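In: Coordinates only, no sequence provided:
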């Protein structure tokens, strides 16, 4: 063999010995699995446990399909449907959970319309895979399409701008704003609840990850409705009443309470500004939320 290798490759004795060692190692590695299979037969207990687990999974799946028949239909039962007029049960048949189906109904009930098939992809619960399964079955009525005369503005008619009420809109309505997805809509609602409501559009800049570019894109499409702000009765508010307000820190809350204990109740904004740890800017931002009496009439 070495002579043959010398003819074609001109290898030295040392290289030849190294090649033999490498081939021997490869043969041993190849034989190790067979060796262990002979010496260590398959553990029958593990095999029986595996079979038992599979039976349990199958039984659970069968029980789940009996309790929720729509599970079975979600995987294969498709039918022609108009997304603007589909019932709660219909959406579940098409593969949505009851909660997701309720969101779809709520969207159309509030006047939302799917003008073309691709509009379904704007709903966060509709994945690309689900949309592709539905694609051939989506049948939108002519009166709901973009090409319909009913929805096509004339050359002299300006389209109505999208306006969303900042203090009463839910996440689905906020999601309609340009650049505001489902996650960002949730951030806005969470911040609104912590504040007690918005009294100025500019307060949106305090929302997590809201920058000036995004704010400028939506500011003309939001309005401040007449929903009342949640009032803080500063003369009886405790730590728990103030701890989640975005404009206050823990040390500031303690300072407000201690100052009140030492000097008596606050009677106006000027007295609140006497709390050393509160800046004038912070007090001015808090002012619309504060009442200095106990009967709910704000001074």
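Out: Perfect, I can see it now. Small disclaimer: the values here were computed from a predicted structure and weren't measured.

In: Outline the domain layout of the protein.
Out: Each domain of the chain is listed here as a residue range: 1-26, 78-144, 164-223, 232-291, per automatic domain parsing.

In: So the residue nearest the centre of the chain, which state does it fall into?
Out: Nearest residue to the geometric centre of the chain (CA atoms, centre = their mean): residue 183, 4.2 Å. When states are read from DSSP: H, G, I helix; E, B strand; the rest coil, the local structure at residue 183 comes out as helix.

In: Who are the contact partners of it?
Out: Residue 183 sits next to no residue when contact means CB atoms under 8 Å, 6 or more residues apart in numbering. In this view, the C-beta of every residue, glycine as well, is placed from N, C-alpha and C.

In: got any ranges where the stretch 1-150 of the chain has weak pLDDT?
Out: 1-11, 36-50, 53, 57, 60-76, 144-150 (pLDDT under 70).

In: hey, where'd the helices end up in the stretch 51-200 of the chain?
Out: For the stretch 51-200 of the chain, the helices defined by DSSP state H, counting those that start in this stretch occupy 69-76, 88-93, 98-109, 128-134, 171-174, 182-195.

In: isn't residue 179 right next to residue 218, touching?
Out: Yes: if you go by CB atoms under 8 Å, residue 179 and residue 218 touch, sitting 6.6 Å apart.

In: More neighbours: those two, which one.
Out: Between residue 179 and residue 218, counted using other CB atoms under 10 Å, residue 218 has the larger neighbour count: 21 against 10.

In: Nearest residue to that one in space, ignoring adjacent ones along the chain?
Out: Spatially, and ignoring its direct neighbours in sequence, residue 218 is nearest to residue 177 (4.7 Å; CB to CB, 6 or more residues apart in numbering).

In: again, but for residue 252
Out: Once flanking residues are discounted, residue 252 sits nearest to residue 277: 5.4 Å by CB to CB, 6+ apart.

In: out of the helices of the stretch 51-200 of the chain, deepest packed?
Out: Comparing these by mean neighbour count (mean count of other CB atoms under 10 Å), helix 171-174 ranks first with a mean of 19.

In: Give me the contacts around that one.
Out: Looking at helix 171-174 with CB under 8 Å, 6+ apart, the contacting residues turn out to be 103, 106-107, 110, 164-165, 180, 182, 184-186, 188-189.

In: The same query, at a cut-off of 10 Å, please.
Out: 103-104, 106-107, 110, 112, 123-124, 162, 164-166, 180-190, 192, 218, 222 (CB atoms under 10 Å, 6 or more residues apart in numbering).

In: ok, residue 285 - contacts?
Out: Neighbour list for residue 285: 195, 199, 200, 203, 206, 246, 247, 248, 279 [criterion: CB under 10 Å, 6+ apart].

In: how far away is the third one from residue 126?
Out: Read it as residue 200. Remark: distance between residue 200 and residue 126 (CB to CB, to the nearest Å) = 35 Å.

In: So which of these two has more stuff around it?
Out: The neighbour count for residue 200 versus residue 126, taken as other CB under 10 Å, is higher for residue 126 (19 against 11).

In: Spatially nearest residue to the more buried one, not counting backbone neighbours?
Out: Excluding the flanking residues, the one nearest residue 126 by CB to CB, 6+ apart is residue 120, at 4.9 Å.

In: what's the answer for residue 174, then?
Out: residue 185 (3.9 Å).

In: So the one you found is in contact with residue 169, correct?
Out: Yes: contact criterion CB atoms under 10 Å: residue 185 and residue 169 qualify, at 8.5 Å.

In: Overlap in contacts, those two.
Out: With CB under 10 Å, 6+ apart, residue 185 and residue 169 have common neighbours 175, 176, 177.

In: filter those residues to the buried ones?
Out: 175, 177 (16 or more other CB atoms under 10 Å).

In: Closest to residue 95 out of the shared contacts of residue 185 and residue 169?
Out: Residue 95 lies nearest to residue 175 out of the shared contacts of residue 185 and residue 169, by CB to CB, at 21.0 Å.

In: which residues touch the closest one?
Out: By CB under 10 Å, 6+ apart, the contact list for residue 175 reads 107, 122-124, 164, 169, 181-186, 188.

In: and the gap between it and residue 278?
Out: 36 Å.

In: So which elements touch the helix ranked longest in the chain?
Out: If you go by DSSP state H, the chain has its longest helix at helix 13-39. Contacts defined by 3 or more CB pairs under 10 Å, 6 or more residues apart in numbering; DSSP states H and E place helix 13-39 against helix 2-9.

In: Please repeat the previous calculation with a cut-off of 7 Å.
Out: Counting contacts by 3 or more CB pairs under 7 Å, 6 or more residues apart in numbering; DSSP states H and E, helix 13-39 is packed against no other helix or strand.
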